[in-house]
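Q: quick one, structure for this:
(one chain, ligands or ions: 1)
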Amino acid sequence: MQRTVTFPDLTITITTTEENATYALKGHITHVFRHNTIPRSQTPHITFDLEGVELVTSVGLQAWVLLIKAWSKTQKIFYEKCSICFVDQLNMVEEMIGEATIVSFYAPFYCNKCSLERNCLIDLRIHHGAITHDSLPKFTCECESPEALEFDALPDYYLSFLQSRS
Ligand SMILES: [Zn+2]
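A: This is a model prediction of the structure:
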């Protein structure tokens, strides 16, 4: 079952199975992200697909934290495909994660040969264990450079949200 909820600057597509409801977000997380505006599925698992999150306002961040706190009392929450903008928030505010489990996230990479910048998806189900700068998965460029893409952020900072993951 699928339905779409639309707000100014934000579209949420909710896909529900018996076990899980996936909330795919596209746009900005703002004050609309509250209990009384976001329809809550009664599935045991709720997965947020965060690939399309382009901006989180400070009010949106507070609303998000409250919603996750409330929902995780009775449901298991997963964050999937966290966009770079969303990871930046996770690194600033630990409560953004709360009881949620991070499944996968994007990280910025760079090709030294053709100067291409690419955001690569790191899936913690595959690359499990402690991901550090030294153990980041290797990605190659479409230009067929034999060199692996270079990580294009400060690793100690960008990956710091993984430390609070239990
Ligand atoms: Zn390249």
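Q: the residue of the chain positioned farthest from its centre: what secondary structure?
A: Distance from the centre of the chain peaks at residue 146, with 29.5 Å (Cα atoms, centre = their mean). Three-state call for residue 146 (DSSP: H, G, I helix; E, B strand; the rest coil): coil.
Q: same thing with the one 10 residues further on?
A: At residue 156 the chain is in helix, as set by three-state DSSP.
Q: gap between it and residue 85?
A: To residue 85, residue 156 is 19 Å away according to Cβ to Cβ, to the nearest Å. To be clear about C-beta, it is placed using only N, CA and C from the backbone, and glycine gets the same treatment.
Q: of these two, who's got more company?
A: Counted by other Cβ atoms under 10 Å, residue 156 and residue 85 do not tie: residue 85 has more neighbours, with 15 against 10.
Q: quick check: residues of this structure near the ion?
A: Contacts of the chain with the ion, taken as Cβ under 5 Å from the ion, map to 111, 113-114, 116, 141, 143, 145.
Q: is the residue nearest the centre of the chain in a bridge, and if so with what?
A: The residue lying closest to the centre of the chain (Cα atoms, centre = their mean) is residue 82, at 1.7 Å. Note on residue 82: beta-bridge partners residue 105, judged by DSSP bridges.
Q: verify the stated contact: it with residue 101.
A: No - counting by Cβ atoms under 8 Å, residue 82 does not reach residue 101; the two are 11.7 Å apart.
Q: alpha carbons only: can I get the top helix by length along the chain in CSV?
A: Ranked by residue count under DSSP state H, the longest helix found in the chain is helix 58-71. C-alpha atoms of helix 58-71 as CSV (Å, rounded to 0.1, in the frame of the first residue of the first chain):
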residue,chain,number,x,y,z
SER,A,58,16.5,24.2,13.5
VAL,A,59,12.8,24.0,14.3
GLY,A,60,12.5,20.9,12.0
LEU,A,61,15.3,19.3,14.0
GLN,A,62,13.6,19.8,17.3
ALA,A,63,10.3,18.5,15.8
TRP,A,64,12.2,15.4,14.4
VAL,A,65,13.8,14.6,17.8
LEU,A,66,10.4,14.7,19.5
LEU,A,67,8.7,12.6,16.9
ILE,A,68,11.4,9.9,16.9
LYS,A,69,11.4,9.8,20.7
ALA,A,70,7.6,9.3,20.8
TRP,A,71,7.5,6.7,18.0
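Q: appreciated, that's everything.
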